[in-house]
Structures are given as C-alpha cells and as structure tokens.
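Visitor: Provide a 3D model corresponding to the input given below.
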Amino acid sequence: MKKDLDLVRITSFLFFDGHLYKNLRCFFFSSKDINILKEMDEIVQRKFKIKGKFYLNDGGAGKTKTHKYRVFSKNLCLGLYDLGVPKGDKTTTKFSVPEWILKNKKFSREFVKVAYFCEGSIKEKRKNPRIKFNINKAEVLLKNGVNFIEQIRKILKDNKIETTEIGVYNAKTRKNGVIVKELRFRILTRYNNTFINKIGWLK
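Guide: This next block holds a predicted model:
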C-alpha cells in the first residue's frame, strides 16, 4: 500500500471521525455533512479503486443525525490495521500516531490537519479566538491518551506552534461501567495565525 497524502487523510479520519471494525470486515467515516463524506468517497476511490456505500441519518442522538460512508473489504481493513489504524472502540484501545506518519513532515502536518477538522473547535466570539482540540479516553488508558495528545502537540511544536498543557476534564461513566475522561489543549492565541498558515483550518 503506497504511503501518500491520500492514505494519510484516510488514516487520520479513521482515528477520529471514523471507525475500523474490530472484526476488520469494514470501516466507515461519519459526518453531519454529506459533502464531507462525498469528498472522502472520492479519496477512497482514487486511492483504492473501490466504492463504498452511503448510509444517511445512520447515527447520532437528538434531532441532528450523522451520515456514514462504509467500505466493506477485509483485505483493505487488514492493510489499514497493519499501518497503525486502531480497531474497535478507540476510547478503550491503546494507539499512537503511526511511525510512517511521524517520520514525514508533510504526512504529520496532514494528519494533524484532518485531526483538527474532526476534533478541533474554535471560539470566535473573542478578541483572540481559542482553537481547541480534545479526545475522550477511558480512565484506565489515560496515560496512553496523554501520550497520543503529546504526539499531536509535538507535531505542532515542530511547526513552530506552541500550545497549552493538556487538561483532563469531565469524567463520565458509561452504561458498561467504563469511566471516560476528556483530554484537551489549545493553541496559544499568539500562534493562531501560524497554525492557520502551516496546518490549515477547515471548519
């Protein structure tokens, strides 16, 4: 499987707003915006010469439903897993940014760009907008979650973008008894423009 920017985009999306089935028979991308999934469909077809299926209003709570784009291919899923994509529930699974991405500056920037598109947020009603990033992780795997976030921060620092320290917030207990916490940090506001110019802001 050739390592290129399209593969980075697919990989990063699966780390955040996607899912690789535990049985490795399928993967999907999820979004409230169907146009985003159409873009991912183009990337998947261009990269793998395979077409997935759209499932509209297929998830999410409340009035706003999310759409999904599923690709069924055991061989493709095995390949993605071998490249470092976590399978199953990511909050209860150990993972890290794959080495093949970390070793390539263009790849690492693209990985973070997609990561922020999926999990980033911005408070614009401020003199200095705050660009934040967060993920959820099971309390028992909190150290792994922190290590992963530190990798994201390291990529940003390598691009001369400074951030706050990581904060741990909002412990919640799931129905299965797993305690999940939120890990969060933000770009220091004086580096906002550097972030936008070097990484990009897609929202």
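
Visitor: just the CA coordinates for the longest helix anywhere in the chain, please, in CSV.
Guide: Under DSSP state H, the helix in the chain containing the largest number of residues is helix 142-158. The C-alpha coordinates for helix 142-158 follow below in CSV (Å, rounded to 0.1, in the frame of the first residue of the first chain):
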residue,chain,number,x,y,z
LEU,A,142,-5.5,7.8,30.3
LYS,A,143,-1.7,7.6,30.1
ASN,A,144,-1.9,6.3,26.5
GLY,A,145,-4.4,9.1,25.7
VAL,A,146,-2.0,11.7,27.1
ASN,A,147,0.9,10.2,25.1
PHE,A,148,-1.1,10.4,21.9
ILE,A,149,-2.0,14.0,22.5
GLU,A,150,1.6,14.7,23.3
GLN,A,151,2.5,13.4,19.8
ILE,A,152,0.0,15.9,18.3
ARG,A,153,1.5,18.7,20.4
LYS,A,154,5.0,17.6,19.2
ILE,A,155,4.0,17.9,15.6
LEU,A,156,2.6,21.3,16.2
LYS,A,157,5.8,22.4,18.0
ASP,A,158,7.9,21.1,15.2
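
Visitor: so for it, what gets flagged as buried?
Guide: Buried residues in helix 142-158, counted by 16 or more other C-beta atoms under 10 Å: 145, 148-149, 151-153, 155-156. In short, each C-beta sits where N, CA and C put it, glycine included.

Visitor: the helix or strand bottoming out on mean pLDDT in the chain pairs with which strands?
Guide: One helix or strand of the chain scores below all others by mean pLDDT, DSSP states H and E: strand 120-123, with a mean of 84. Take DSSP bridges as the rule and strand 120-123 pairs in its sheet with strand 130-138 (antiparallel).

Visitor: now do the domain split for this structure, please.
Guide: Following automatic domain parsing, one gets these domains for the chain: 5-88, 99-198.

Visitor: surely Lys68 meets Phe54?
Guide: Yes: counting by C-beta atoms under 8 Å, Lys68 does reach Phe54; the two are 7.5 Å apart.

Visitor: got a list of contacts for stretch 18-38?
Guide: With contacts defined as C-beta atoms under 8 Å, 6 or more residues apart in numbering, stretch 18-38 is touched by 13-14, 17, 40, 52, 54-56, 59-60, 64-74, 76-78, 80-81, 85-88, 90.
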